[in-house]
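Novice: Sequence plus the predicted model coming up.
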Amino acid sequence: MQLNVGMNQFDPARIFCIGRNYAEHAQEMGAPKPAEPVVFMKPATSLVPEGEPLVLPRGRGGVHHEMELVVALGREGKDIAVAAVPGYVAGVTLGIDLTLRDLQSKLKQAGQPWELSKSFDGSAAIGRFTSWPAEFDFQNLEMRCTVNGALRQQGTTRDMLFPVAEIISFLSRHWRLLPGDLIYTGTPAGVGPLVPGDTIMLEGPGLGPFGWACV
Ligand code: ZN
């Protein structure tokens with residue numbers, strides 16, 4: 001899938017996701033605050049652009065929405081210093097980390113990886129990207145998520161446990177980051193179920209509204 005980010009076009013290969021990055025959400029999941037970013041990945045085949053139907057998996061338990069700030073990288077980098085991170089960011093948007101919550105609980109209990117519950121087809125809804133100037137403050141952004149017009153999630157990136165720059169610096173110590181890499185930066189509290197027939201909308205300052213119809 002091709003993504004337009006400002007003047008650039010990317011064919012993203014990887015989606016990094018951060019779990020438990022907001023204290024209140026970690027609390028609602030009964031999880032302790034992590035000492036380092038919790039990382040998992042989705043394949044690029046998970047992406048569902050804004051406006052396309054969000055096909056919910058059937059027969060695998062409850063599906064939850066997680067509204068997240070999503071960052072697209074524009075440059076290759078390894079061992080990126082926190083202060084240098086803004087120069088690597090191509091754009092930002094909002095997205096949904098769709099999660100098979102019942103299945104995830106079972107996998108957690110069994111000490112198994114989360115992929116079956118997190119990385120299925122259509123598990124990464126993605127809005128249109130906006131390029132931001134390098135001096136943009138990622139840590140002062142409000143976002144909200146409604147389902148059928150009712151408010152479900154309202155959050156601010158001020159509440160992130162690991163700020164965006166620290167997340168990207170951390171990832172770059174473990175992977176050589178590439179242009180087009182996407183990073184879902186974790187969800188604030190208020191995650192909840194989606195069922196076929198629901199319409200989910202995400203909105204932030206200069207971002208969206210982005211909408212998806214669940215089928
Ligand atoms: Zn998430």
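Specialist: Arrived safely, thanks for sending.

Novice: Quickly check: the longest strand anywhere in the chain near the ion or not.
Specialist: If you go by DSSP state E, the chain has its longest strand at strand 89-97. Yes - judged by C-beta under 5 Å from the ion, strand 89-97 and the ion are in contact via residue 97. The C-beta positions use only the backbone N, C-alpha and C, and glycine is treated the same way.

Novice: how about the residues of the protein near the ion?
Specialist: Checking the chain against the ion by C-beta under 5 Å from the ion, the hits are 66, 97, 187.

Novice: mind checking the SS state of the last one?
Specialist: Looking back up the chat, that one is residue 187. Classification of residue 187 using DSSP: H, G, I helix; E, B strand; the rest coil returns coil.

Novice: Please give the number of neighbouring residues around the closest residue in space to it that isn't next to it in sequence.
Specialist: Nearest non-adjacent residue to residue 187, counting by C-beta to C-beta, 6 or more residues apart in numbering: residue 66, 3.6 Å away. Using other C-beta atoms under 10 Å, residue 66 is surrounded by 24 other residues.

Novice: Quick check: phi and psi at the nearest residue to residue 14 once chain neighbours are set aside.
Specialist: The shortest distance from residue 14 to any residue other than its chain neighbours is 5.2 Å, reached at residue 181 (C-beta to C-beta, 6+ apart). Note on residue 181: its backbone torsions stand at phi -60, psi 140 [degrees, to the nearest 10].

Novice: related to what we said a few turns ago, alpha carbons only: can I get the longest strand of the chain in PDB?
Specialist: Output in PDB follows, covering the C-alpha atoms of strand 89-97 (Å, rounded to 0.1, in the frame of the first residue of the first chain):
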ATOM      1  CA  VAL A  89       9.900  12.200  11.100                       C
ATOM      2  CA  ALA A  90       8.100  12.700   7.800                       C
ATOM      3  CA  GLY A  91       4.500  13.000   9.100                       C
ATOM      4  CA  VAL A  92       1.900  12.200  11.600                       C
ATOM      5  CA  THR A  93      -1.700  11.000  11.700                       C
ATOM      6  CA  LEU A  94      -4.100   9.000  13.800                       C
ATOM      7  CA  GLY A  95      -4.800   5.300  13.500                       C
ATOM      8  CA  ILE A  96      -6.500   2.400  15.300                       C
ATOM      9  CA  ASP A  97      -4.600  -0.500  16.700                       C
END
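
Novice: buried set for stretch 94-114?
Specialist: Neighbour-count burial for stretch 94-114 flags 94-101, 103-104, 107, 114 (criterion: 16 or more other C-beta atoms under 10 Å).

Novice: and the worst-scoring helix or strand of the chain on mean pLDDT, how far from the chain's centre?
Specialist: Lowest by mean pLDDT, DSSP states H and E among the helices and strands of the chain is helix 23-28, with a mean of 85. Distance of helix 23-28 from the chain centroid (C-alpha atoms, centre = their mean, to the nearest Å) equals 16 Å.

Novice: Right, I'll leave it there.
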